[in-house]
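Peer 1: coords below, sequence missing:
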């Protein structure tokens with residue numbers, strides 16, 4: 001399905017993808033992931049999270065499919 005949505009949304013920079021993923025995954029899961037990163041990476045993702053005012057369903061789906069490619073069961 002990702003191929004069908006790519007033309008609907010502009011490319012998303014890596015740091016924004018990470019921030020979107022942290023928002024989607026929620027506090028507990030995100031905290032576990034962030035513990036594995038260095039302080040500069042955590043701060044960069046945190047700054048990007050504060051810049052995000054909304055996440056469209058299309059972008060959320062693209063990010064989730066990129067990080068979790070087998071979500072749709074294929």
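Peer 2: Okay, I see it. In this text, all values refer to a predicted model and were calculated from it rather than measured experimentally. Numbering: from 1, shown residues only.
Peer 1: now the helices for the protein?
Peer 2: 2-5, 14-25, 27-34, 39-51, 57-67 (DSSP state H).
Peer 1: Including mean neighbour count, could the ones you listed go into CSV?
Peer 2: To be clear about C-beta, it is placed using only N, CA and C from the backbone, and glycine gets the same treatment. What follows is the helices of the chain, written out as CSV (neighbours: other CB atoms under 10 Å):
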stretch, mean neighbour count
helix 2-5, 10
helix 14-25, 18
helix 27-34, 12
helix 39-51, 13
helix 57-67, 16
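Peer 1: Mean pLDDT added to those helices, as TSV?
Peer 2: TSV is the format used below for those (pLDDT from 0 to 100):
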stretch	mean pLDDT
helix 2-5	48
helix 14-25	95
helix 27-34	96
helix 39-51	96
helix 57-67	89
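Peer 1: Can you tell me which residue sits nearest the middle of this protein?
Peer 2: The centre of the chain sits closest to residue 21, judged by CA atoms, centre = their mean, with a distance of 2.6 Å.
Peer 1: Now do the contacts for that residue.
Peer 2: 30, 63-64, 67 (CB atoms under 8 Å, 6 or more residues apart in numbering).
Peer 1: ok, now residue 44?
Peer 2: Contacts of residue 44 by CB under 8 Å, 6+ apart are residue 15.
Peer 1: next one: residue 15
Peer 2: With CB under 8 Å, 6+ apart, residue 15 has these contacts: 44-45, 48.
Peer 1: any idea which of these is the one closest to residue 35?
Peer 2: residue 45 (12.4 Å; CB to CB).
Peer 1: Surely that closest one and residue 20 touch.
Peer 2: No - if you go by CB atoms under 8 Å, residue 45 and residue 20 don't touch, sitting 10.0 Å apart.
Peer 1: ok, back up a step: let me have the contacts of residue 21 in CSV, extended by distance to residue 12.
Peer 2: Below are the contacts of residue 21 laid out as CSV (distance: CB to CB, whole Å):
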residue, distance to residue 12
30, 17
63, 7
64, 12
67, 12
